[in-house]
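Undergrad: Coordinates for the following, if possible.
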Amino acid sequence: MEHTHRLAAVAFGLMSSTTLATARAADAPTAAALSAGGSTVQEIVVTAQRREQSILKVPVAVTALAGDALATKGVSRSSDLSMAVPNLQVNSAYGETQPNFSLRGVSVANEYNSNQVSPIGVYINDVYIVSRTSQGMGLFDLDRVEVLRGPQGTLFGRNTTGGAINFITRAPGLQGSNGYIDAGFGSFDTFKLQAAGETTLAGDQVGLRAAINYETGRGQFDNIYPGGARPDSTDTLQGRLSLRVRPDGSPLDVKITAYGGRNNPTQAAVFGLGAFRQGVGFFQVDENRIGHNLTEAYGLSTNIAYALNPDLKLVSITSGDGGRQQLQQAADGSPLDILDITWRSQFR
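TA: Purely as a prediction, here's the structure:
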């Protein structure tokens, strides 16, 4: 079974700010500290209504989380967001691949077809990611994520009846050089590595930032079939490159972001019925054909902002995205070739 669709989008609009959600801890001018009784509370600034506002003044049900807060909660993939965001559920017919988001019960259900558009809009740096194949992304080097309950069609456009999820990546700060490396080991031979670094090519004018995300793991289920692969493994590699140009004394601010990556885990464990479960433990399967859920995604976006005055910006967003998937699903959960399916999709 094969499904193919193509798409291209150019968005152009007026907004009072391009920042969409952040707990602006590092931005003192816009995230004023509120002192009371000797304690300090930092104001959370969001732009769920396309302008910077305190989250306490926004009449919209919104959850805003900084990238560091996601890491603290152990959220490393978009399918993990349900652990940190109330009212958000995530399910998938393919394990961590191609997640189906649900907000307040509104979702695409457990849809297999990647061409079926979700009523929960997913965005990266204001760029609409229409293909659900690319929505199963690893989360790395994020500035923040904003989850808005729906409907959000007025300000975000179509396919946001249930809400919108906006991921904002870290852009070059145009102030010196910095970077980090974060590595970790876990159960089932799990290894994670995230790293990023940036440099300022011209003080307060031109900056470059690069980030990488790698994760591998063998999964918690054993396959007792001789020579059979283990289900639920992890194999992810992603990278991102960001260039920012803000000419000295100019109201122009240009951000160009390129990304690419692939995810190639084995399929989720499938429990066979009846005789196929005899002598098989709960965390075991007896499957001769454990398939791989291969997805690839890439894209390039340009965000050009021109400040007409301190309260109004003209913003142009242009993007091109593409990718493909090849999901090999042994759906019988047995050591026999009874029901094997290959799902293929590609998009631009």
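
Undergrad: Compute the number of surrounding residues for Phe167.
TA: 26 (other C-beta atoms under 10 Å). The C-beta positions use only the backbone N, C-alpha and C, and glycine is treated the same way.

Undergrad: Pass me the low-pLDDT residue ranges in this structure, would you?
TA: 1-42, 47-52 (pLDDT under 70).

Undergrad: residue ranges of the helices in it, please?
TA: 67-72, 153-156 (DSSP state H).

Undergrad: Quick check: buried residues in the longest one?
TA: By neighbour count, and taking 16 or more other C-beta atoms under 10 Å as the criterion, the buried residues in helix 67-72 are 67, 70.

Undergrad: The last one now?
TA: Of all the residues in helix 153-156, those buried under the rule 16+ other C-beta under 10 Å are Phe156.

Undergrad: Now that helix - C-alpha only, CSV.
TA: The C-alpha trace of helix 153-156 is given here as CSV (Å, rounded to 0.1, in the frame of the first residue of the first chain):
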residue,chain,number,x,y,z
GLY,A,153,-8.1,28.6,13.5
THR,A,154,-8.3,32.4,13.8
LEU,A,155,-4.6,32.9,14.4
PHE,A,156,-3.0,29.6,13.3
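
Undergrad: how far is it from where the chain is centred?
TA: How far helix 153-156 lies from its chain's middle: 20 Å, per C-alpha atoms, centre = their mean, to the nearest Å.

Undergrad: if we can go back for a sec, need the helices of the chain in CSV with distance to Gly260, can you?
TA: CSV is the format used below for the helices of the chain (distance: least, C-beta to C-beta, whole Å):
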stretch, distance to Gly260
helix 67-72, 20
helix 153-156, 25
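
Undergrad: if I pick Arg246, what's in contact with it?
TA: Contacts for Arg246 (C-beta atoms under 8 Å, 6 or more residues apart in numbering) come out as 174, 204-206, 252-254.

Undergrad: quick one on the thing from earlier: closest to Gly95 out of the helices of the chain?
TA: Of all the helices of the chain, helix 67-72 sits nearest to Gly95, with 20.3 Å by C-beta to C-beta.

Undergrad: who touches the closest one?
TA: With contact meaning C-beta under 8 Å, 6+ apart, helix 67-72 is reached by 23, 76, 84, 139, 141-145, 170, 182.

Undergrad: now with 7 Å?
TA: 84, 139, 142-145 (C-beta atoms under 7 Å, 6 or more residues apart in numbering).

Undergrad: quick one: which of those is most hemmed in?
TA: Most crowded among the contacts of helix 67-72, counting by other C-beta under 10 Å, is Val145 at 26 neighbours.

Undergrad: As a check, name the ranges of all strands in the stretch 151-300 of the chain.
TA: For the stretch 151-300 of the chain, the strands defined by DSSP state E, counting those that start in this stretch cover 163-169, 178-186, 190-202, 206-217, 222-223, 234-245, 252-263, 284-285, 293-309.

Undergrad: just these: most buried one?
TA: Mean neighbour count (mean count of other C-beta atoms under 10 Å) peaks for strand 163-169 among the strands of the stretch 151-300 of the chain, with a mean of 24.

Undergrad: Report all helices and strands that it contacts.
TA: Judged by 3 or more C-beta pairs under 7 Å, 6 or more residues apart in numbering; DSSP states H and E, strand 163-169 is in contact with strand 120-124, strand 142-149.

Undergrad: Please name the strands paired to it in the sheet, noting orientation.
TA: Strand 163-169 has the following strand partners under DSSP bridges: strand 120-124 (parallel), strand 142-149 (antiparallel).

Undergrad: Could you work out the most separated pair of the contacts of helix 67-72?
TA: Ala84 and Asp143 (15.6 Å).
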